[in-house]
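S.K.: Got a sequence here, can you build the structure:
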Amino acid sequence: MKFFFSFIILFVIIITNKLFLFNEEFLILISFFGFCFIISENLRLMINSRFSDKVFSIKNSLLISIDGLKIQLVQKKKLNIKLTNLASDLFVLKKYYLKFSVQFLMLLITYLKSTKEVKLIEKLKEIKFIEDSYSKFIVTLISKKINEIVLIKFFFEKNLEIKHFKTLKSINNLNLINKI
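M.R.: Below you'll find the predicted structure:
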């Protein structure tokens, strides 16, 4: 209230000394200041409470946002730690895989060599068996053919009257006689 009385006294002094001329703009300005002063005096508590509520809600939303941001940063930090651990784990896994691959390939080469040798030996045995069987077959076949030839020759010598066969028969008879 002191401010209001001092303002009125100052205003009266200014008006009485004719420092300001009262025109329409000045009267509108004085009315506006008076309206603002009255509104601020009467509505100050309500406006202050409204602003303090707004400040409080903004402060709470900022704190909640900061807490959420802090939680996200902590989660991202944990994720980054996991990613760095993953990178080192992948490096270890790579080394293990390379070592395992080399060992596997060496064992595979050894196995393939041994199976090739075993298979080669088995194939050689099979080939030897086939060769033996084939040679027996050939000998049997040749002996049968010779036997057939002999039988045919004997048949022709006896039954046919061909000069060549008669000559052979006579030669054979002479050989038999000479042996006796």
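S.K.: so where does M106 fall, helix or strand?
M.R.: Using DSSP states H and E, M106 sits in helix 24-159.
S.K.: Which strands and helices lie in contact with that helix?
M.R.: Helix 24-159 is packed against helix 2-16, helix 163-179, with contacts defined by 3 or more Cβ pairs under 8 Å, 6 or more residues apart in numbering; DSSP states H and E. C-beta: built from backbone N, CA, C; applies to glycine.
S.K.: Tell me which of those lies nearest to K113.
M.R.: Of all the helices and strands packed on helix 24-159, helix 163-179 sits nearest to K113, with 63.5 Å by Cβ to Cβ.
S.K.: Can you work out which other helices and strands pack against that closest one?
M.R.: Against helix 163-179 (3+ Cβ pairs under 8 Å, 6+ apart) you get helix 24-159.
S.K.: pLDDT on the helix it packs on, on average?
M.R.: Averaged across helix 24-159, pLDDT comes to 85.
S.K.: so that helix versus helix 2-16, what angle?
M.R.: 120 degrees (axes from the mean of the first three to the mean of the last three Cα atoms, to 10 degrees).
S.K.: could you check the angle helix 163-179 makes with helix 24-159?
M.R.: Going by the same axes, to 10 degrees, helix 24-159 makes 70 degrees with helix 163-179.
S.K.: Can you give the distance from helix 24-159 to the centre of its chain?
M.R.: Distance of helix 24-159 from the chain centroid (Cα atoms, centre = their mean, to the nearest Å) equals 3 Å.
S.K.: Quick one, which of the helices and strands packed on helix 24-159 gets closest to L93.
M.R.: Of these, the one closest to L93 (Cβ to Cβ) turns out to be helix 2-16, at 79.0 Å.
S.K.: can I get the helices and strands packed on helix 24-159 in TSV with mean neighbour count, mean pLDDT and distance to K76?
M.R.: Converted to TSV, the helices and strands packed on helix 24-159 look like this (neighbours: other Cβ atoms under 10 Å; pLDDT from 0 to 100; distance: least, Cβ to Cβ, whole Å):
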stretch	mean neighbour count	mean pLDDT	distance to K76
helix 2-16	10	75	55
helix 163-179	11	73	113
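S.K.: Quick check: which of those helices is nearest to L29?
M.R.: Nearest to L29, of those and by Cβ to Cβ, is helix 2-16 at 12.1 Å.
S.K.: coming back round to it: output the helices and strands packed on helix 24-159 in a markdown table; the columns should cover distance to L79.
M.R.: Listed next are the helices and strands packed on helix 24-159 as a markdown table, based on distance: least, Cβ to Cβ, whole Å:
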| stretch | distance to L79 |
| --- | --- |
| helix 2-16 | 60 |
| helix 163-179 | 109 |
